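>>> Build the 3D model from these lines:
(chains A and B)
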Amino acid sequence: MTDTKTPSSRRSGAGRVLIAVYVVLALAATGRSFYQLVSKFDQAPLAYSLSALAAVVYVVATIALIARGPIWYRIAQITIGFELAGVLIVGALSLLLPSLFAHPTVWSFFGMGYLFIPLVMPIIGLRWLRKHPENQAV
Amino acid sequence: MIDWFTALQIGVAVTGGILAIALGLMGRRPSDLTMAFAGVVALLLIVQLAVTISGPLTGNEPTGSLFEFYIYLISAIFLPVGAGFWALIDRSRWSTVILGVAQLAVAVMLYRMGQIWFIQGV
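Okay, the predicted model is just below:
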């Protein structure tokens, strides 16, 4: 039975919704960052570089959530933890140093431009990963 | 972009999105109803693509960046289509929730597209 192999996989049940939301976030961050890099990078190189970095991290986190194995599980934890740090640090900096960071990126103002989803998702994601550890039996 | 058409699209996407999330959380598998809403949202986005291509040719110019607009539009088309295929493959209630999440994401993107077209450059 396949159920005994992966009793509570991070890819099952509500985990699929988590993955779907990450796909949307990765798509949104990549699309926006692509536009910023191509058309107005010189206006705020620091903020838009961070925007691109955020997009890459979202893509890697999405892949890590889908892929199997303990290494991908670890990568998912690291990338999602990095997102949480990113949204908190860049969110704070966008308030403290608006000239450098108050540009529309996925992380500025704690993800306000994205309905605070970038702030909420990593918390939900990390909780989900902790409740659904990778099966160590293999 | 046509203002009433955008409002219609957002209305359908929000309705379909909330309906699918509610039905999904109630434990329903993807049904004809929830799939149809995602299909209509995708169809309306294809019409929007045609409207966007023909608009500037007939004097309906965006105030903002047409390039940014297209990035949103092309990404938005993938969402209901992708969620629909997902629902066909994975017949669980979570696929219904995902159908809803995709449609709500489309609604937000349409709102943002409206801003780019009508407000950004004013």
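
>>> Around chain B, which positions in chain A sit nearby?
Taking C-beta under 8 Å from any C-beta of the partner chain as the measure of proximity, chain A contacts chain B at A:13-14, A:16-17, A:20-21, A:23-24, A:27-28, A:31-32, A:34-35, A:38-39, A:115. For every residue, glycine as well, the C-beta is placed using N, CA and C.

>>> Tell me who's in contact with the closest residue to A:V60 other than its chain neighbours.
Leaving out its chain neighbours, the residue that sits closest to A:V60 by C-beta to C-beta, 6 or more residues apart in numbering or on different chains is A:T79, at 5.1 Å. Listed by C-beta atoms under 8 Å, 6 or more residues apart in numbering or on different chains, the contact partners of A:T79 are A:V57, A:Y58, A:V60, A:A61, A:A64.

>>> Just want the most central residue of chain B.
B:V106 (3.6 Å; C-alpha atoms, centre = their mean).

>>> which ones are touching B:I71?
Contacts for B:I71 were tallied using C-beta under 8 Å, 6+ apart; they are A:G31, A:R32, A:F34, A:Y35.

>>> residues from chain B in reach of chain A?
Going by C-beta under 8 Å from any C-beta, the residues of chain B near chain A are B:65, B:67-68, B:71-72, B:75, B:78-79, B:82-83, B:86, B:90, B:92, B:94-95, B:97-98, B:101-102, B:105, B:108-109.

>>> secondary structure element for the residue nearest to the centre of chain B?
Per DSSP states H and E: B:V106 is located in helix B:93-114.

>>> pLDDT averaged over that helix - what is it?
In this model, helix B:93-114 carries a mean pLDDT of 91.

>>> residues of that helix that come out buried?
B:93-110, B:112-114 (16 or more other C-beta atoms under 10 Å in any protein chain shown).

>>> Phi first, then psi, for A:L97.
Per-residue torsions, A:L97: phi -120, psi 70 (degrees, to the nearest 10).

>>> okay, it: pLDDT?
On pLDDT, A:L97 comes in at 80.

>>> show me where chain B has helices.
B:3-25, B:32-54, B:66-89, B:93-114 (DSSP state H).

>>> and if you look at chain A?
Along chain A, the stretches classed as helices by DSSP H are A:2-5, A:14-40, A:45-66, A:70-96, A:98-101, A:117-131.

>>> rank these by mean pLDDT and give me the bottom one.
For those, mean pLDDT drops lowest on helix A:2-5, to a mean of 45.

>>> wait, what's in contact with the most centrally placed residue in chain A?
When C-alpha atoms, centre = their mean is applied to chain A, the residue found nearest the centroid is A:Y58 (3.9 Å). Contacts for A:Y58 (C-beta under 8 Å, 6+ apart) come out as A:Y22, A:L25, A:A26, A:A29, A:T30, A:T79, A:E83, A:V106.

>>> Which residue comes closest to it once chain neighbours are left out?
With C-beta to C-beta, 6+ apart, the residue lying closest to A:Y58 is A:A26, at 4.0 Å.

>>> surely the one you found meets A:V59?
Yes: counting by C-beta atoms under 8 Å, A:A26 does reach A:V59; the two are 4.7 Å apart.

>>> Compare neighbour counts for those two and give me the winner.
Neighbours were counted for A:A26 and for A:V59 using other C-beta atoms under 10 Å in any protein chain shown; A:A26 has more, 21 against 18.

>>> Which of the contacts of B:I71 sits closest to B:G16?
Nearest to B:G16 among the contacts of B:I71 is A:G31, at 22.2 Å by C-beta to C-beta.

>>> Just give me the neighbour total for the closest one.
Around A:G31 there are 19 other residues, counting by other C-beta under 10 Å.

>>> before we move on, what about the one 5 residues further on?
Burial of A:Q36, expressed as a neighbour count using other C-beta under 10 Å, amounts to 22.

>>> and what of B:T63?
B:T63: 13 neighbours (other C-beta under 10 Å).

>>> ditto for the one 3 residues further on
Counted by other C-beta under 10 Å, the residues lying close to B:L66 total 14.
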